[in-house]
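1. sequence and predicted structure are below.
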Amino acid sequence: MDGNLLIVDDEDGIRTSLGEYFTRQGYSVSLAENGLKAMEMIQVERPDVVILDVQLPQMDGLELCNKIRHEVGQSIGIIMISGVRRETVDKVVGLELGADVYLTKPFETSELAAQVKALMRRLRPQHLLDSSWDFADDALRIDLQRRLVEAGGKEVHLTRLEFDLLKYLIKRQGMPVGRSDLIDNVWGYEAGGDINDGAVNTAVAKLRTKIEPDPANPRYVQSVHGIGYCFKKT
């Protein structure tokens with residue numbers, strides 16, 4: 001396969017025909033008829049490129065584009081399509097919200113295909129770079145073997161305890177981890193009697209200040225009410 005595409009258009013004919021065309025070109029293609037459905041699929045499937053119409057029900061293309069960039073980052077290519085020739089400002093808004101390409105109908109399918117290929121070529125070097133990391137997205141990269149952490153494009157220093165805490169959570173990514181579990185396996189059984197939940201909370205708070213884009217609203221190390229914490233892949 002040449003890559004994974006998500007085509008978002010509320011018109012069945014356009015959505016289906018584009019899907020069939022790109023499937024013949026060797027792409028793995030998913031289809032969505034509205035913005036809300038598209039966002040759900042993006043969170044699960046993480047396509048390489050999203051082709052989306054500006055005029056969509058439930059969540060329009062501009063809002064969807066903005067949401068992708070804020071919640072997923074720059075790792076997904078976005079091609080926006082407008083069904084009518086509108087003011088230049090609409091195109092500018094789309095590009096400012098994070099679209100890589102803005103096309104106006106009518107256009108040749110070959111033109112769209114060329115834009116998809118160009119985006120794929122641009123994105124693949126970053127994907128290859130990310131593959132060497134145990135975790136990598138637009139804001140955070142972690143190499144467990146080298147004990148290396150980069151946040152916001154800069155290397156950050158974690159104490160031994162902070163790194164071991166992060167490593168333990170990443171190894172159980174998506175799973176709630178209890179504070180007692182963290183005390184036993186990060187601090188160690190020999191220290192268990194001297195460590196309480198408050199110490200765990202303090203350690204997590206310090207870790208968040210170093211790796212979270214907004215420590216007050218954690219993106220990665222999230223609290224799980226009544227249990228403990230969970231490392232969530234965004």
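-> That came through, no problem.
2. what's the pLDDT at the nearest residue to residue 109 once chain neighbours are set aside?
-> With Cβ to Cβ, 6 or more residues apart in numbering as the criterion, residue 109 has its nearest non-adjacent residue at 5.8 Å, and that residue is residue 21. C-betas here are computed from N, CA, C, even on glycine. Residue 21 carries a pLDDT score of 95 in this model.
3. residue 108: neighbour count?
-> Using other Cβ atoms under 10 Å, residue 108 has 8 neighbouring residues.
4. helix, strand or coil: sort out the residue nearest to residue 109 for me.
-> helix (DSSP: H, G, I helix; E, B strand; the rest coil).
5. and it, how close does it get to residue 145?
-> 43 Å (Cβ to Cβ, to the nearest Å).
6. those two: who's more crowded?
-> Between residue 21 and residue 145, counted using other Cβ under 10 Å, the more crowded position is residue 21 (16 against 7).
7. domains in the protein, by residue range?
-> Following automatic domain parsing, one gets these domains for the chain: 4-130, 135-231.
8. residues touching residue 222, list them.
-> The contact partners of residue 222, by Cβ atoms under 8 Å, 6 or more residues apart in numbering, come to 229-232.
9. just say helix, strand or coil for residue 42.
-> helix.
10. got the contact list for residue 173?
-> By Cβ under 8 Å, 6+ apart, residue 173 lies in contact with 135, 231-233.
11. follow-up on the earlier one: which of the contacts of residue 222 count as buried?
-> Listed as buried from these are 229-231; burial here means 16 or more other Cβ atoms under 10 Å.
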